[in-house]
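J.: sequence unknown, structure follows:
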């Protein structure tokens, strides 16, 4: 059993419920391979740094899993099969820091400043 | 005549020394990651990666940033992963 971290970018047309369903589907795949979900993070809709298949936005989901190496191939295949998934990445967990909440989940102080400023201005 | 010559030479020597001093006291570059004892560079840590991909989104070269080869390699890996996930641009104009 190895630990992997996988991120996929779904089409921004996906609704929250559809995303949950999608995740549930992957959970089942992991469970069927006797793997274990360690963490699921939904980063939500983000602007892409560059357009992928003419999409400027995508819904990001991160999953950290513990599974036999054979599952990676299967997961990769499933990602490819779904043509509403714009991009995916599966990498090994290299550091314990990856098991905790990712930097994406931390509120960005800069953005808070931006939100706070207009309130102070008038 | 003799005194003048020696004076000139003395000045020259002084200037040389000054130049050498200036060069010696240039701020030494250091590896930011070694300094902060960072062992792992996360491809999701956008704020960190953005600091090393200025302006045109190119990877900040080692000779300028002073990052050691070990950490530059890890940084490169992280930046490339972030680019695949469209978290960072490949180029920007």
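T.: Ah, there it is. These numbers come from a predicted model, not from an experiment. Residues are numbered from 1 along each chain as shown, chains lettered A, B, ... in the order given.
J.: spell out which parts of chain A neighbour chain B.
T.: A:7, A:9, A:48-50, A:52, A:58, A:60, A:62, A:86-87, A:89, A:91, A:94-95, A:97-98, A:102-104, A:108 (Cβ under 8 Å from any Cβ of the partner chain). C-beta coordinates here come from the backbone N, C-alpha and C atoms, glycine included.
J.: again, only this time at 10 Å
T.: For chain A, the residues in contact with chain B (Cβ under 10 Å from any Cβ of the partner chain) are A:5, A:7-9, A:41, A:43, A:46-52, A:55-58, A:60, A:62, A:86-89, A:91, A:94-98, A:102-106, A:108-110.
J.: which of those fall within strands?
T.: In strands, defined here by DSSP state E, the members of the residues of chain A next to chain B are A:5, A:7-9, A:41, A:43, A:46-52, A:55-58, A:60, A:62, A:86-89, A:91.
J.: buried only: go through the residues of chain A next to chain B for me.
T.: A:5, A:7-9, A:41, A:43, A:46, A:48-49, A:52, A:55, A:57-58, A:60, A:62, A:86-89, A:98, A:102, A:104 (16 or more other Cβ atoms under 10 Å in any protein chain shown).
J.: can you pull the contacts of the nearest residue to residue A:52 once chain neighbours are set aside?
T.: Of all residues not flanking residue A:52 in the chain, residue A:86 sits nearest, at 4.5 Å (Cβ to Cβ, 6 or more residues apart in numbering or on different chains). Residue A:86 makes contact with A:8-12, A:48, A:51-53, A:55, A:57-60, B:85-86 under the criterion Cβ atoms under 10 Å, 6 or more residues apart in numbering or on different chains.
J.: which two among the residues you listed are spaced furthest apart?
T.: Checked with Cβ to Cβ, the contacts of residue A:86 reach their widest spread between A:8 and A:51, with 17.3 Å between them.
J.: and stretch B:82-93, how far out from the chain middle?
T.: Centre-to-centre, stretch B:82-93 and its host chain are 22 Å apart (Cα atoms, centre = their mean, to the nearest Å).
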